[in-house]
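*Asks:* A predicted structure for the sequence below; I have some questions about it.
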Amino acid sequence: MSEDVRIYELKRTDLKGATVIDGFPSVGLVSSITANYLINTLKLDQIGIMDSMYFPTVSLIRDGLPQNPVRIYASQKVGDADDSRDQIVVFISEFQPPPNLVKPIASTLLDWAEDQKCKMVVSPEGLVIDRESEGEPAENEDVPVYGVASTAKATKILKDSGVTEFTEGVITGVAGVLLNEGKRRDFSVATILAEAHPDYPDARAAAQIIETIDKVLLHISLDAQPLYDEAERIESQLKLIHKQAKEQPAAKITRPSMYG
């Protein structure tokens, strides 16, 4: 693993065959919202942390307990051989990695996934919306979901689940490096993208990705309605702010005089 970034296990867990979810912040905080939803809804247990001397010097306090900026959670292994649900591992972080840490983070995550004999890494990502009325979200709009993968095996998994192939574009950050490293190592990495607004947390895009992850991996009919409700609340607030801003008279700008 990279010398700059390390993983410390807090609880030894059998993760052979598990799928890893990358929850580092992305466009519209889609990956962070998705990761939080999976952790809370599936009641995942914390099994480890990722740490570095270059990470933010903060402690997140949750329920009176200190938390590391990057945490690792996992579900229990499914015992029934006929159960189609995948065991999942979720990496989650509240901070945006600086450019010099993106490659070490992605490499360390993949090193660890390979060591644990996990079968796949999935990155939920926001795809920047290009609308003429930027800043005013469309109401009750279906959000398209796309996918791209590093191996033919992972590509088939997405295709069999009805995910539209992402054929042209750029994927940046941890997700982009994971795809490149996955291709180089012949390790299955998939990015699932939903159109998201870059200027606010896009819960609607996250809800679409949650439903896709459920279809591809979990098969348990996750209820993403709370995220759609949150999306409507955010959108209503933004539309009200946008309307109020339009109604305000233009402010008269007085330039300060250098000599008073």
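*Replies:* Cool, got the structure.

*Asks:* now residue 91, what's its secondary structure?
*Replies:* Using DSSP: H, G, I helix; E, B strand; the rest coil, the structure places residue 91 in strand.

*Asks:* how about it: what's its closest non-neighbour residue?
*Replies:* residue 23 (5.2 Å; C-beta to C-beta, 6 or more residues apart in numbering). Where C-beta positions appear, they are placed from N, C-alpha and C, glycine not excepted.

*Asks:* am I right that the one you found is in contact with residue 33?
*Replies:* No. Contact criterion C-beta atoms under 8 Å: residue 23 and residue 33 do not qualify, at 9.1 Å.

*Asks:* so where does the residue most central in space within the chain fall, helix or strand?
*Replies:* In the chain, the residue lying closest to the centroid (C-alpha atoms, centre = their mean) is residue 31, at 1.5 Å. Per DSSP states H and E: residue 31 is located in helix 30-41.

*Asks:* residue ranges in the chain under the pLDDT threshold?
*Replies:* 1-3, 78-84, 130-143, 234-235, 238-239, 241-260 (pLDDT under 70).

*Asks:* do you know how far residue 229 is from residue 223?
*Replies:* 11 Å (C-beta to C-beta, to the nearest Å).

*Asks:* next: residue 32.
*Replies:* 19 Å.

*Asks:* those two: which is more packed in?
*Replies:* Higher neighbour count among residue 32 and residue 223: residue 32, with 21 against 13, using other C-beta atoms under 10 Å.

*Asks:* which residues touch the nearest residue to that one once chain neighbours are set aside?
*Replies:* Using C-beta to C-beta, 6+ apart and skipping the chain neighbours, the partner closest in space to residue 32 is residue 25 (5.1 Å). By C-beta atoms under 8 Å, 6 or more residues apart in numbering, residue 25 lies in contact with 31-32, 93-96.

*Asks:* what would these look like in CSV with distance to residue 120?
*Replies:* Below are the contacts of residue 25 laid out as CSV (distance: C-beta to C-beta, whole Å):
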residue, distance to residue 120
31, 16
32, 20
93, 20
94, 25
95, 25
96, 24
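
*Asks:* dihedrals phi and psi, residue 14?
*Replies:* phi -80, psi 110 (degrees, to the nearest 10).

*Asks:* all strands of the stretch 101-250 of the chain, in order?
*Replies:* 120-128, 145-149, 164-165, 189-196 (DSSP state E, counting those that start in this stretch).
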